[in-house]
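>>> got a predicted model here, sequence first, then my questions.
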Amino acid sequence: MGVAAGPIRVVVAKPGLDGHDRGAKVIARALRDAGMEVIYTGLHQTPEQIVGTAIQEDADAIGLSILSGAHNTLFAAVIDLLKERDAADILVFGGGIIPEADIRPLKDKGVAEIFTPGATTQSIVDWVRENVRQPAGA
């Protein structure tokens, strides 16, 4: 694989049973407005569906929005599936109602970044620009 050209591609997903997707849609729109290609998967996606979409769409990153309290399980499942499917180069980030105490363990498992309520859309766009698709050897 050479250096990917074109816009950064991000899959934005709402895993699990959580039915509230306004935040995910706001982030999807902000990333799109910043010139990225966004694939929004909609509500109630399984980790398998999310990883399948990311691989099929040749995504650079997956953004998960989790408000249900199942973040530890869902993030771990997505990261494990990416590793199993030889796609661990797809960066996983997310946000939602995630207790401070859970953030470090999630990062230790491989979640690149966690945004808590109050994070601005601009800070998320900036983070994606700075951290997704680093040049080889960076």
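Perfect, I can see it now. From a predicted model like this one, the values you see are computed outputs, not experimental measurements.

>>> alpha carbons only for contacts and neighbour counts from here, please
OK.

>>> and the residue most central in space within the chain, helix, strand or coil?
The chain has Gly63 as the residue nearest its centroid, 1.7 Å off, counting by C-alpha atoms, centre = their mean. Reducing the assignment to helix, strand or coil with DSSP: H, G, I helix; E, B strand; the rest coil, the entry for Gly63 is strand.

>>> so how many other residues sit close to Asp60?
22 (other C-alpha atoms under 10 Å).

>>> so what's it up against?
The neighbourhood of Asp60, defined by C-alpha atoms under 8 Å, 6 or more residues apart in numbering, consists of 8-10, 54, 89-91, 132-133.

>>> and which of those residues is nearest Tyr40?
Compare each of these with Tyr40 using C-alpha to C-alpha and the shortest gap goes to Val10, at 8.4 Å.

>>> what's the mean pLDDT across the helix or strand harbouring the closest one?
Here Val10 sits within strand 9-13, counting by DSSP states H and E. Throughout strand 9-13, pLDDT has a mean value of 97.

>>> still on that earlier bit, the residue nearest to the centre of the chain against Ile90, yeah?
No - Gly63 is not in contact with Ile90 according to C-alpha atoms under 8 Å; the separation is 10.3 Å.

>>> re earlier: ok, the residue nearest to the centre of the chain to Leu43 distance?
Distance check for Gly63 against Leu43: by C-alpha to C-alpha, to the nearest Å, it reads 13 Å.

>>> how about Gly95?
When C-alpha to C-alpha is applied, the distance between Gly95 and Leu43 equals 15 Å.

>>> check Asp108 too.
Separation of Asp108 from Leu43 (C-alpha to C-alpha) stands at 27 Å.

>>> who's more crowded, the two?
Neighbours per residue (other C-alpha under 10 Å) separate Asp108 from Leu43, with Leu43 holding more: 17 against 9.

>>> contacts only, for the more buried one.
By C-alpha under 8 Å, 6+ apart, the contact list for Leu43 reads 13-19, 21.

>>> so what touches stretch 76-91?
Under C-alpha under 8 Å, 6+ apart, the answer for stretch 76-91 is 47-48, 50-51, 54-55, 59-62, 92, 106, 109-112, 132.
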